[in-house]
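Undergrad: Could you look at this predicted model? Sequence included:
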Amino acid sequence: MKLVRTTGRGKAEAQRVLLALEGRQESSAESVAPVVRKIIGQVRKSGDRALRRLVAQLDGVSPQSQLQIMPDEMQLAWNETPEAVRGALQTAAKNIRAFAERQLPGKWSLAPIPGLSTGQLVRPIDAVGCYVPSGRHPLPSSLLMTVIPAQVAGVERIVVASPNPARETLAAAHLLGVDCFYQMGGAQAIAVLAYGTETIARVDKIVGPGNLYVTTAKRLVAFDCAIDMLAGPTEIVVTSDKGNAAYIAADLVAQAEHDPHALAVLVTTQPSLAAEVIHEVKTRAKSNPVAKESLHTRGFVFLTGSLDEARTITNRLAPEHLTVDSQADLSWVRNAGSVFVGDYSTQPMGDYISGPNHTLPTGGLARVRGGLSVMDFIKLITVQSYNRSALKSLGPSAIAIAEAEGLDGHADAIRSRSIGRGKTSSSRRSAGA
Ligand SMILES: NC(=O)c1ccc[n+]([C@@H]2O[C@H](COP(=O)([O-])OP(=O)(O)OC[C@H]3O[C@@H](n4cnc5c(N)ncnc54)[C@H](O)[C@@H]3O)[C@@H](O)[C@H]2O)c1
Ligand SMILES: N[C@H](CO)Cc1c[nH]c[nH+]1
Ligand SMILES: [Zn+2]
């Protein structure tokens, strides 16, 4: 990990590192954008034929195997999964579902004046694609995290895409009753979900985490198909003065092992903690090549001159995962995907079992949104209903604004219900003629 001092002679260098990290999404996507653009173009042009070729070439799916995985295959995977893993998947699913249900907003109505009822309906999105990463490691936990909130929201068509899914991923799909599962991954899977092929219908929104190819593809299709967010290479920031160095290092290594592009940062005012964590990380990452690589290239320890500065840097980084020392720290946290409090709230517990979603914004997107939630799968549709007296009461104000905007048709539509305040512009025109 690189030590970055924010005081004395280190100040300018610290600013440079921070600025680069604030723009981290764009700089990493740049390298893969041309190949991703090409893959999307091929799928749009040649549909199933291009998909077959790309999954064989990039996902390692044999050309003989069916891309759609049938429910009996998922059932078989469930039967063959060890009891302990099945139990763990059930526990995780229960907690994730309970959390998502608590997030679901309800319909409501409000009467601003007698005779006017306004309100909101909650409707699910019709068709959603859930991307489940499976390149370096199969992530059955990501299947639970993406499919469950969609089910809680009431999404009718849920399509799961995952390259070379592991038995446990198929078992998780069986547990949730998934009936539409395609083994396809990377940019080609995102292109299929966004645009469809001769045999696979497109969806309305794509959700789920993935590597740079997946995330860049989501960004490139986003004008044609809604996406949840950029949930790309994993990020961890630990902002601590009092934490246990061994625990902090273990969490940094854990999240860094996801991807060589992962970001792992410690922010502290304590030189001794900085030194201990750097030492511990070195020891722990020795036998973990991916973590070793990402910690070497994208591992930073910011040693700051004050707590205030440590907090400002943390909020500027807007990390996916943030660990802080105590509940009191929550008061200064403004930008983070998910917060873990204290020595025992190790981040992998949130990855698997606690209930809050582990699909979280990366690349600084935590400045504007939190993790995947049931809100990503619903629409809030507003409704308004007037009777005549309510229209009479509020109509003149609306007409005044319409006239100020010079929109005669708007004013006329209101006047046409004979609520008074002058003639309609068409009657004025005919009177003048
Ligand atoms: N932010 C979050 O919420 C979150 C959650 C879980 C995982 N993640 C991230 O998800 C990612 C999982 O990545 P992964 O790689 O293991 O699985 P993945 O399924 O995201 O990507 C694998 C696919 O990438 C494509 N690919 C790989 N190399 C390619 C190349 N050279 N050219 C074209 N396509 C290529 C292939 O199609 C391959 O099947 C990691 O970055 C991890 O940090 C993020
Ligand atoms: N840490 C990942 C989110 O960045 C989620 C995950 C899934 N499995 C293990 N971890
Ligand atoms: Zn993880």
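TA: Okay, I see it. Residues are numbered from 1 along each chain as shown. Ligands and ions are numbered 1, 2, ... in the order given.
Undergrad: Now for residue 126: which residues touch it?
TA: Taking Cβ atoms under 8 Å, 6 or more residues apart in numbering as the criterion, residue 126 is in contact with 155, 156, 157, 204. The way it works is simple: take the backbone N, C-alpha and C, and place the C-beta from them, glycine included.
Undergrad: Now render those residues as JSON lines, adding pLDDT.
TA: Converted to JSON lines, the contacts of residue 126 look like this (pLDDT from 0 to 100):
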{"residue": "155", "pLDDT": "98"}
{"residue": "156", "pLDDT": "98"}
{"residue": "157", "pLDDT": "98"}
{"residue": "204", "pLDDT": "98"}
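Undergrad: what's the farthest-apart pair in those?
TA: Across the contacts of residue 126, no pair lies farther apart than 156 and 204, at 10.5 Å, counting by Cβ to Cβ.
Undergrad: In strands, which of the contacts of residue 126 appear?
TA: Counting by DSSP state E, those place residue 157 in strands.
Undergrad: picking that back up, what touches both of residue 156 and residue 204?
TA: 126, 127.
Undergrad: more neighbours, those two?
TA: Neighbours were tallied for residue 156 and for residue 204 using other Cβ atoms under 10 Å; the higher tally belongs to residue 204 (17 against 10).
Undergrad: Distance check, that one against residue 150.
TA: Distance, residue 204 to residue 150, using Cβ to Cβ, to the nearest Å: 11 Å.
Undergrad: list the residues that contact both of these two?
TA: Residues touching both residue 204 and residue 150 by Cβ under 8 Å, 6+ apart: residue 128.
Undergrad: got the residues of the stretch 1-150 of the chain near ligand 1?
TA: For the stretch 1-150 of the chain, the residues in contact with ligand 1 (Cβ under 6 Å from any ligand atom) are 35, 58, 59, 133, 134, 135, 136, 137, 139, 142.
Undergrad: Now do the helix or strand containing the first one, average pLDDT.
TA: Secondary structure from DSSP states H and E places residue 35 in helix 33-54. Per-residue pLDDT values across helix 33-54 average out to 97.
Undergrad: again, but for stretch 89-103
TA: Stretch 89-103 comes out at a mean pLDDT of 98.
Undergrad: from now on call the first residue 637
TA: In the new numbering, first residue 637, that becomes stretch 725-739.
Undergrad: what about that stretch, near ligand 2?
TA: No. Stretch 725-739 stays clear of ligand 2 (Cβ under 6 Å from any ligand atom), getting no nearer than 10.6 Å.
Undergrad: ok so residue 710 is a helix residue?
TA: Yes. Residue 710: assigned to a helix according to DSSP: H, G, I helix; E, B strand; the rest coil.
Undergrad: quick one: contacts for it?
TA: Per Cβ under 8 Å, 6+ apart, neighbours of residue 710: 806, 807, 809, 810, 814, 817.
Undergrad: TSV for the contacts of residue 762, including distance to ligand 1?
TA: Output for the contacts of residue 762, formatted as TSV (distance: Cβ to the nearest ligand atom, whole Å):
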residue	distance to ligand 1
791	19
792	25
793	22
840	21
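Undergrad: so which of the contacts of residue 762 comes closest to ligand 2?
TA: Set against ligand 2, the nearest of the contacts of residue 762 by Cβ to the nearest ligand atom is residue 791 (21.6 Å).
Undergrad: Tell me which residues are up against the helix holding residue 671.
TA: With Cβ under 8 Å, 6+ apart, helix 669-690 has contacts from 694, 699, 703, 820, 822-824, 826-828, 830-831, 833-836, 849, 852-853, 856-857.
Undergrad: quick one: what helix or strand has residue 764 in it?
TA: Using DSSP H and E, residue 764 falls within strand 763-767.
Undergrad: could you give the mean pLDDT of the helix or strand following that strand?
TA: Sequence order places helix 776-789 as the next helix or strand after strand 763-767, per DSSP H and E. Per-residue pLDDT over helix 776-789 has a mean of 98.
Undergrad: Quick check: end-to-end length of stretch 699-711?
TA: End-to-end distance of stretch 699-711: 23 Å, with Cα to Cα, to the nearest Å as the criterion.
Undergrad: Tell me the buried residues in stretch 984-1000?
TA: By neighbour count on 16 or more other Cβ atoms under 10 Å, the buried set for stretch 984-1000 is 986-990, 992-1000.
Undergrad: what's the answer for stretch 639-650, then?
TA: Residues 640, 641, 642, 646, 650 are the ones in stretch 639-650 that count as buried (16+ other Cβ under 10 Å).
Undergrad: Could you export the residues you listed as a markdown table, including pLDDT?
TA: Compiled in a markdown table, the buried residues of stretch 639-650 are given as follows (pLDDT from 0 to 100):
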| residue | pLDDT |
| --- | --- |
| 640 | 96 |
| 641 | 95 |
| 642 | 95 |
| 646 | 89 |
| 650 | 94 |
